[in-house]
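any chance you could fold what I've pasted below:
(one chain, ligands or ions: 1)
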Amino acid sequence: MQALLAMWAEKFTVYPDGAELPTHHDHCLGCGPNNPHGHHLRALRHGDGVQAWHTFDNRHVGAPGIVHGGAVATVVDDLYGCLLFLEGGPAVTRQLTIEYLAPVLIGAEYRLQADVVRREGRKLFVAARATEPAGRAVITSTAVFVKVSVEHFAQGSPPGVPAD
Ligand SMILES: CCCCCCCC/C=C\CCCCCCCC(=O)SCCNC(=O)CCNC(=O)[C@H](O)C(C)(C)COP(=O)(O)OP(=O)(O)OC[C@H]1O[C@@H](n2cnc3c(N)ncnc32)[C@H](O)[C@@H]1OP(=O)(O)O
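The predicted model follows:
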């Protein structure tokens, strides 16, 4: 586990504008490429924030044809988690709010954007939105993240990884 944590710590480095950001880990529900239930989110640095283009599929359906609100929250939360790669250290979600302004549709592509609004001690106040190609926002979000040490993540051991 310590080796995995050390590898993860290396992901906090400098990323040029437009660069694709790393995943949190292979099985992350938001961005992990090897999670069959996951969203496989790919985030890019965009100025001081992050952006992504994302299409939900039928694994994430709520009402027919419409994305489950929890699935939308998952992706937004994970996008904030990608923003942390630009902050230089890990943090975890303390509060997450989503304004569901219009249905998010299965099979439609949305642009997501997340930015840091302000920093206060160990807290990061962040905001995000998802927009249709025509520019209408379908969701807006705010969240409070609290900075933690990498050791925070040693509380949970992934299957097959010794706790050491
Ligand atoms: C395969 C191997 C892998 C190896 C490596 C893997 C590495 C990791 C991989 C990936 C990570 C990234 C993944 C990103 C994914 C998206 C992000 C998530 O889903 S994160 C998970 C969900 N979140 C939690 O699980 C947090 C649970 N909460 C906690 O653990 C504690 O609350 C903690 C440690 C964060 C803080 O605990 P306290 O007891 O020290 O403090 P308190 O009371 O909670 O408050 C903290 C501050 O927040 C303010 N606060 C609380 N609510 C607020 C609100 N609504 N508005 C403003 N401030 C608020 C409080 O006033 C306080 O502020 P004041 O520091 O004192 O100034």
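
for the rest of this, base every contact and every neighbour count on C-alpha atoms.
OK.

check the secondary structure at the residue nearest the centre of the chain for me.
By Cα atoms, centre = their mean, the chain has its centre lying nearest to residue 78, at 1.5 Å. At residue 78 the chain is in helix, as set by DSSP: H, G, I helix; E, B strand; the rest coil.

repeat for residue 143
Assignment for residue 143 (three-state DSSP): strand.

run a quick neighbour tally on it.
Other residues within reach of residue 143 by the criterion other Cα atoms under 10 Å amount to 21.

just give the nearest non-adjacent residue to the residue nearest to the centre of the chain, would you?
With Cα to Cα, 6 or more residues apart in numbering as the criterion, residue 78 has its nearest non-adjacent residue at 5.3 Å, and that residue is residue 30.

my guess is the residue nearest to the centre of the chain contacts residue 32, does it?
No. Between residue 78 and residue 32 no contact is recorded; they are 10.3 Å apart, counting by Cα atoms under 8 Å.

shared neighbours of those two, anything?
Taking Cα atoms under 8 Å, 6 or more residues apart in numbering as the contact rule, residue 78 and residue 32 touch no residue in common.

hang on, the earlier thing: in contact with the residue nearest to residue 78, which residues?
So residue 30 contacts 38-41, 74-75, 78-79 (Cα under 8 Å, 6+ apart).

shouldn't residue 126 be within a strand?
Yes. Checked against three-state DSSP, residue 126 lies within a strand.

isn't it right up against residue 98?
No. Between residue 126 and residue 98 there is no contact under Cα under 8 Å: 12.0 Å.

so what sits against both of the two?
Residues touching both residue 126 and residue 98 (Cα under 8 Å, 6+ apart): residue 142.

now the element after the lowest-mean-pLDDT helix or strand in the chain, going C-ward?
Counting by mean pLDDT, DSSP states H and E, the chain has its least confident helix or strand at helix 2-9, which shows a mean of 75. Where DSSP states H and E defines the elements, the next helix or strand beyond helix 2-9 is strand 44-46.
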